[in-house]
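Chemist: following is a predicted model, sequence given first.
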Amino acid sequence: MSTLRWILLGIGLMVIAAVYFWSRRRERPAAPAPVRRPPVEPYFGEAESAVVAEEPAPASSVEAAAAPAEAAPDRESENLILTLSVVPRATEGFAAAATLDALAAAGLCRGRFEIYHFANPDGGGADWFSAASMLEPGEFPDAESDAGVPGITLFLVLPGPAQPHAALDAMLAAARRLAADLDGDLEDARHKPFTALAAQRMREQLGEWRVRSEAF
């Protein structure tokens, strides 16, 4: 009986030890889940970073003709465009062939953007002024065309000609000649009858522009 008692006692101790170790394992805290860190982006200095520049949208032919060639975008207050128009008295407009002949007689030639320009008489430099059809995009029809011209807009863009006062006088003279040759009337930028007062106002605008441009 003593041997059996020792065997039972050993089995009991083993059971107690197993229960003890099993309970200790349950009380042990679970290992924390690993923290997933976001991937680190490589750093590139300013000298190594890539910059993509957007290209500006191209302007239309008429807008490009009226834009100063070297006007800075942060100095738009220096820009000035003086305009007047020659409009037909007849409802069918000016005949294409007669219009082209009158433009040539007034000293204008077809050039950039398929409109007409009055070149600097001294040669070189910017054109003094330009003339476009009042029908968009401003191109004139061929001489053989049956299409009428609804009117002619003359415009002087500053900065541009080196002699702006002479350019303005030449544009006014060309406009009066076109009106006489084509049996038309002159109108200002607001499509009101062009008077001596309107011409004087254009000269004043030019003088004010020169004062502003010299202030920069």
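Modeler: Happy to help now that I have it.

Chemist: the strands in this protein, which residues?
Modeler: All strands of the chain, identified by DSSP state E, fall at 80-88, 109-110, 116-118, 129-133, 152-158, 184-187.

Chemist: quick one: the residue lying closest to V87 once chain neighbours are set aside and D185, what's the gap?
Modeler: Using CB to CB, 6 or more residues apart in numbering and skipping residues adjacent in sequence, the residue nearest V87 is G151, 4.3 Å away. For the C-beta atoms, the positions are set from N, CA and C on the backbone; glycine is no exception. Distance, G151 to D185, by CB to CB, to the nearest Å: 10 Å.

Chemist: can you check A105 too?
Modeler: 18 Å.

Chemist: number of nearby residues for A105?
Modeler: 12 (other CB atoms under 10 Å).

Chemist: ok, it touching A174?
Modeler: No - in this structure, A105 is not within contact of A174 by CB atoms under 8 Å, at 9.4 Å.

Chemist: hang on, the earlier thing: dump the strands of the chain into a markdown table; add mean pLDDT, distance to L178 and mean neighbour count as well.
Modeler: What follows is the strands of the chain, written out as a markdown table (pLDDT from 0 to 100; distance: least, CB to CB, whole Å; neighbours: other CB atoms under 10 Å):
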| stretch | mean pLDDT | distance to L178 | mean neighbour count |
| --- | --- | --- | --- |
| strand 80-88 | 97 | 5 | 21 |
| strand 109-110 | 95 | 14 | 13 |
| strand 116-118 | 97 | 10 | 24 |
| strand 129-133 | 97 | 8 | 25 |
| strand 152-158 | 97 | 6 | 23 |
| strand 184-187 | 97 | 7 | 20 |
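
Chemist: can you pull out the helices in this protein?
Modeler: Applying DSSP state H to the chain gives helices spanning 2-27, 61-66, 96-105, 164-182, 196-215.

Chemist: and I11, what pLDDT?
Modeler: pLDDT, I11: 62.

Chemist: is A97 in contact with A143, as I believe?
Modeler: Yes - the pair A97 and A143 qualifies as a contact (CB under 8 Å) at a distance of 4.3 Å.

Chemist: what do those two both touch?
Modeler: With contacts defined as CB atoms under 8 Å, 6 or more residues apart in numbering, no residue is shared by A97 and A143.

Chemist: before we move on, the earlier item: common neighbours of G151 and D185, please.
Modeler: Residues touching both G151 and D185 (CB under 8 Å, 6+ apart): 86-87.
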